[in-house]
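Chemist: based on what follows, work out the 3D shape:
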Amino acid sequence: MKFINYLQSITGVSIYPLASLLIFCLFFIGAAFLAFSADKRMMDHVSRIPLDQDEN
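Modeler: The predicted structure is shown next:
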């Protein structure tokens, strides 16, 4: 039996692709908003963390 036959037997299966697309879009919009609204000095500091060679 093919996978598509399993999906056709589930009632209301058509809502899952729409829900996953909505979740992806909301996450992407949220991440973009966070990236563009972040404080530039904090982002500069965070970007330099891997380059810091200070050992305590």
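
Chemist: state the next helix or strand along the chain beyond the helix ranked longest in the chain.
Modeler: For the chain, the helix with the greatest residue count under DSSP state H is helix 15-37. Downstream of helix 15-37, the next assigned helix or strand under DSSP states H and E is helix 40-47.

Chemist: now that next one: mean pLDDT?
Modeler: Mean pLDDT, helix 40-47: 88.

Chemist: then that helix to PDB, C-alphas only?
Modeler: Coordinates of the C-alpha atoms in helix 40-47 are reproduced here as PDB (Å, rounded to 0.1, in the frame of the first residue of the first chain):
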ATOM      1  CA  LYS A  40      23.200  46.900  17.000                       C
ATOM      2  CA  ARG A  41      25.700  47.100  19.800                       C
ATOM      3  CA  MET A  42      24.500  43.900  21.400                       C
ATOM      4  CA  MET A  43      24.600  42.100  18.000                       C
ATOM      5  CA  ASP A  44      28.200  43.400  17.500                       C
ATOM      6  CA  HIS A  45      29.200  42.000  20.900                       C
ATOM      7  CA  VAL A  46      27.500  38.600  20.200                       C
ATOM      8  CA  SER A  47      29.200  38.400  16.800                       C
END
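
Chemist: all set now, cheers.
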